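> Any chance you can model this:
(one chain, ligands or ions: 1)
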Amino acid sequence: MSDHTTTGTDWWRNAVVYQIYPRSFADGNGDGTGDIAGMRARLPYLAELGIDAIWVNPWYRSPLNDGGYDVADYRNIDERFGSIDDAQAFVDEAGGHGIRVIVDLVPNHTSSEHAWFQAALAAGPGSPERERYHFLPGRGDDGELPPSDWTSVFGGRAWERCPDGEWYLHLFDSTQPDLNWEHPEVRAEFESILRFWLDRGVAGFRVDVAHALAKHPDYEDVGDRDQRDGPRWTEGHPFWDRDEIHPIIRSWRRVLDEYDDRMMVAEAWVRADRRPLYLRPDEYHQAFDFEFLSADWDAEQFGGIIEQSTTAARDVGSNPTWVLSNHDVVRHATRYGLPGGTDSAAWLLDGPHHLLDAEQGHRRARAAALLTLALPGSAYVYQGEELGLPEAWDLSTDVLDDPVWTDSGHRRKGRDGCRVPIPWEATGPSLGFGDAEGWLPQPVGYAALAAAVQHDDDGSTLNLYRSALRIRREHFTADFDITMIDLGADVLAFERGNGARCVVNMGAVPIAIPEGVVLLASAPLDDGELPADAAVWLADH
Ligand code: NOJ
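Coordinates of the predicted model:
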């Protein structure tokens, strides 16, 4: 075991969790798609990076219409990724490196290829098989109108009509039918799925759209209320963040508590003031703090988020769970290169693209890494973030695979630009990702950012992350205390319980570095000054 293992049942409280999107991480068999063989081969790299745990995006059997968030068999691995034995070997080998493995749980919907949904289609209207999903007759004289006005997160209406006339609900793509969580068989099945993976030694679960499981019993129309996913709606919404979700979570927590030190983290895209409900002691251990994903590079905004999230989590006995990027958003090295207030997801298609300042994005991404890794709580690092990868924002539309592109009627490009295969080497058909071209093309600039290129470069972003994770363990994980320091409107600064400090210059001009021993900096420090868009870690001695 490596010496950085976080031990104890509370290991998750300040864990650094590395997110692997299996399709794009490493291709072991040369078919252009990442797989578990590739993941196993790269475990030494992750151990050297110094992470505590890995979250694996869905690797289950799936038609991959939504990158695996359309699960056809929750107890099996998709053959493009490997086998259940490969998955077991991955969990075991990661454990050998002192790294825990968290898997994705997708409880809101199955794939339309799941045996339950196929049985429901075959059994027809009124059958018990249909009760596990939300099948309804339509409105209108001939049932030709959908049962409610609900729309899908990806675009279009949330109801699809079957040839026999009934409609079924899908909050995402039409190949992702929503499960009916009022049905006892659905509840029992997921408790069994939890046990299946817990028995295989996984450390826990990242739970997909944790805020969508419960639906209004009469499928009430949304009307004027906002339908979009995200923390915009009010209480009592017909399908987002309903109170009936919480008994379901408690039943899962009871299962996890039968084991020793397992955890679950919610992808609950809810209003910050509602998030603590998910973090009560008998519910989730963590819930992602997504506010950084939409924050501008602004000291006041970041400061407000930090205060809000740390206080809210602390009040319910949890800790914040920081995220700068993931497989659903524009990579932050690109976001931070855009003018404040830009809707980065829309910018991918609409531009104006000449406004991108990639250098600024790169500098800010490095500073943001030090900022996040100095905060109390846990941090999730999305694959490639440690290489400083920018978004592949100019992917040609004919290679796009994300259902968002088609479901939105080609109005949104979707999320493929952050899912491009990782560059491991400077050369080769997919820059060391595998022996063949990858399933998405890599931007030209990725060669210079390859892991092998950065490995021996002291000034590289990879080495910044490696140093940060090592120093973080010693200086920033002793407790969960934080005090904000006022160094002016453009500076975000805080001190941790043991005196270690982080200072981020979010303004346009250099500032004097406060007194202290420099532990690490995101940019070269000249003449005792911290440049714009840079962060420094300080200790008292
Ligand atoms: C959230 C996941 O992160 C995203 O990738 C997926 O498309 C939706 N949930 C639907 O499962």
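
> The residue in the stretch 251-400 of the chain that the ligand sits nearest to and residue 195, how far apart?
Among the residues of the stretch 251-400 of the chain, residue 328 lies nearest to the ligand; the distance is 4.8 Å by CB to the nearest ligand atom. Any C-beta I mention is one placed from the backbone N, CA and C, and that applies to glycine too. Taking CB to CB, to the nearest Å as the measure, residue 328 and residue 195 are separated by 28 Å.

> Please identify which of these two sits among more neighbours.
residue 328 (20 against 14; other CB atoms under 10 Å).

> how deep is the residue of the chain found nearest the ligand tucked in, by neighbour count?
Closest approach between the chain and the ligand, counting by CB to the nearest ligand atom: residue 69, at 3.3 Å. Residues lying near residue 69 (other CB under 10 Å) number 24.

> got a list of what it touches?
58, 62, 104, 106, 172, 176, 208 (CB atoms under 8 Å, 6 or more residues apart in numbering).

> Let me see the confidence value for it.
On the pLDDT scale, residue 69 is placed at 98.

> and it, how far is that from residue 175?
Distance from residue 69 to residue 175, by CB to CB: 10 Å.

> Give the residue farthest from the middle of the protein.
residue 141 (43.7 Å; CA atoms, centre = their mean).

> That one: which element?
Under the criterion DSSP states H and E, no helix or strand holds residue 141.

> So which bits of the stretch 251-400 of the chain are right by the ligand?
Where the stretch 251-400 of the chain comes near the ligand, counting by CB under 6 Å from any ligand atom, the residues are 267, 327-328.

> Let me have the residues you listed in JSON lines, extended by secondary structure.
Output for those, formatted as JSON lines (DSSP: H, G, I helix; E, B strand; the rest coil):
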{"residue": "267", "secondary structure": "coil"}
{"residue": "327", "secondary structure": "coil"}
{"residue": "328", "secondary structure": "coil"}
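
> coming back round to it: among the contacts of residue 69, which are in strands?
If you go by DSSP state E, those have residue 104 in strands.

> Among the contacts of residue 69, which ones lie close to the ligand?
Among the contacts of residue 69, the ligand is touched by 106, 172, 208 when using CB under 6 Å from any ligand atom.

> Distance from stretch 388-397 to the middle of the chain?
Here stretch 388-397 shows a centroid-to-chain-centroid distance of 18 Å under the convention CA atoms, centre = their mean, to the nearest Å.

> about what we covered before: can you tell me which of the residues of the stretch 251-400 of the chain next to the ligand lies nearest to residue 48?
residue 327 (23.1 Å; CB to CB).

> Residue 17 falls within a helix, correct?
No - using three-state DSSP, the secondary structure at residue 17 is strand, not a helix.

> so what's it up against?
Per CB under 8 Å, 6+ apart, neighbours of residue 17: 51-55, 102, 378-381.

> Put together CSV for the residues you listed, with neighbour count and pLDDT on each row.
Shown next, in CSV, are the contacts of residue 17 (neighbours: other CB atoms under 10 Å; pLDDT from 0 to 100):
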residue, neighbour count, pLDDT
51, 24, 98
52, 22, 98
53, 24, 98
54, 25, 98
55, 23, 98
102, 24, 98
378, 27, 98
379, 24, 98
380, 25, 98
381, 25, 98
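
> Redo those residues as TSV? Include secondary structure.
Converted to TSV, the contacts of residue 17 look like this (three-state DSSP):
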residue	secondary structure
51	coil
52	coil
53	strand
54	strand
55	strand
102	strand
378	strand
379	strand
380	strand
381	strand
